[in-house]
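Visitor: Please work out how this folds:
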Amino acid sequence: MAIVLPQTRICSTPRPYTGRELRPHWIYQTFDIQGDAIVAFSGPVEVKIDSMVDMADRRDGLFISGDSMLHFIYESFGPDLDRSVHLQKLLVLLAFEILRESLGERVRRKGDDIFLDDGKMSVSIATVSLVSCLIHFGMNISNKGTPLKTGAFEDSPLDSQEFAKTLMARMTNELRSMNLATTKVRGVQ
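Guide: Prediction:
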């Protein structure tokens, strides 16, 4: 089955992220984009324990907060948790690649977390609904209001909006390349 190339949009109006946005058809309801899509927006984040999708974080009483974060919501239709996690990992790896090209050794990745210097720069989660794969990937714009030591775009020369454009373009190109790779091989017996 070919991967559907997502529509992309960057919202210029700041909006908060609470975790409740990670639900089926939120992109369609909010941005009038029907089908597979990635949207990016910036704004504060406050995900309380009852809205946490990560069961280990819920168990440990963790929460996410910050004054300013760059958020990506990705919805891909077809509820497949493996695919959702694979898309999440690809998105994180591409973000890491972009940061590494600009910031070099200051950036490192551990699993699906990206660190800038000694601070955690990103959060991400992949899950499924009854109809779709859902991903939230957030990157700190500011270190203010975070519950732990963080790294942020403010610690670098990078512009978060330009980063969002680049990341969504690379994600779409990577998915296009994956689709093309499936059309150039023959089956074997």
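Visitor: Please enumerate the strands of this protein.
Guide: Counting by DSSP state E, the chain has strands at residues 7-10, 37-47, 64-77, 107-110, 113-116, 119-120, 122-128, 132-140.
Visitor: Could you list the low-confidence segments of the chain?
Guide: Applying pLDDT under 70 to the chain picks out residues 1.
Visitor: Give me the most central residue, it.
Guide: The centroid of the chain falls nearest to F137 when counting by Cα atoms, centre = their mean (2.4 Å).
Visitor: Quick check, it in contact with L87.
Guide: No. Using Cβ atoms under 8 Å, F137 and L87 do not qualify as a contacting pair, with a distance of 10.0 Å. Quick note: C-beta positions are derived from backbone N, CA and C, even for glycine.
Visitor: Between those two, which contacts overlap?
Guide: Here F137 and L87 have Y74 as joint contacts, going by Cβ atoms under 8 Å, 6 or more residues apart in numbering.
Visitor: Which residues are in contact with D32?
Guide: Not one residue lies near D32 by Cβ under 8 Å, 6+ apart.
Visitor: From V85, how far off is it?
Guide: Using Cβ to Cβ, to the nearest Å, D32 is found at 28 Å from V85.
Visitor: got the buried residues for stretch 24-31?
Guide: For stretch 24-31, burial by neighbour count (16 or more other Cβ atoms under 10 Å) applies to P24, W26, I27.
Visitor: Equivalent analysis for stretch 156-170, please.
Guide: S156, L158, S160, F163, A164, T166, L167, M168, R170.
Visitor: Stretch 45-55 too?
Guide: By neighbour count with 16+ other Cβ under 10 Å, stretch 45-55 contains the buried residues V45, V47, S51, M52, D54.
Visitor: Which member of the buried residues of stretch 156-170 is positioned nearest K144?
Guide: Comparing the buried residues of stretch 156-170 against K144 with Cβ to Cβ places S160 closest, at 14.5 Å.
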